[in-house]
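when you get a sec, could you give me coordinates for this:
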Amino acid sequence: MKLLIRWLLLSSALMLLAQWDRGVQVNSFGSAMIAAAVLGLLNAFVRPLLILLTLPVTVLTLGLFLFVINAFTFQMASGLLDGFHVRSFWDALLGSVLYSLWGIVIDIALEYLFGRRKISPG
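This is a model prediction of the structure:
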């Protein structure tokens, strides 16, 4: 249940992002749901590989290159989908930062709502 709610909230965050950043376009809520799922899959499978391959650059930039990797995966999702479009690298950078921040807020809120419940003895 928590995963489904998180997916719906992240899809809503993409719709809100499209309203704030004119360089990010989402055609419909269905497109936002698909884009959120693809972003999740890219972040789970492709992003770790990119981080590993660019580790020397990431260390030299003190981790700032991770923003570039996030923007690249955001733009990669745009290239894979029809209903989700990012105009430029800078729009992808801003969009990925805002999307990540909203993701953190959503995760904190869901942890608060669905917090781990301890079973007390007897």
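
what is the burial count for T73?
By other Cβ atoms under 10 Å, the residues close to T73 number 20. Bear in mind the C-beta positions are built from the backbone N, C-alpha and C, glycine included.

what residues are up against the residue lying closest to it once chain neighbours are set aside?
In this structure, T73 finds its nearest non-sequential neighbour in L42, 4.7 Å apart by Cβ to Cβ, 6 or more residues apart in numbering. L42 sits next to 73, 76-77 when contact means Cβ atoms under 8 Å, 6 or more residues apart in numbering.

now the helices for the chain?
Under the criterion DSSP state H, the chain contains helices at 2-20, 29-53, 55-60, 65-80, 89-113.

for the fourth one, buried residues please.
Burial within helix 65-80, assessed by neighbour count using 16 or more other Cβ atoms under 10 Å, is assigned to 65, 68-78.

then stretch 81-100?
81, 83-86, 91-96, 98-99.

okay, among these, which ones form the most distant pair?
G83 and L93 (21.1 Å; Cβ to Cβ).

same list (the helices of the chain) but as CSV, adding mean pLDDT.
Formatted as CSV, the helices of the chain follow (pLDDT from 0 to 100):
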stretch, mean pLDDT
helix 2-20, 96
helix 29-53, 97
helix 55-60, 97
helix 65-80, 97
helix 89-113, 96
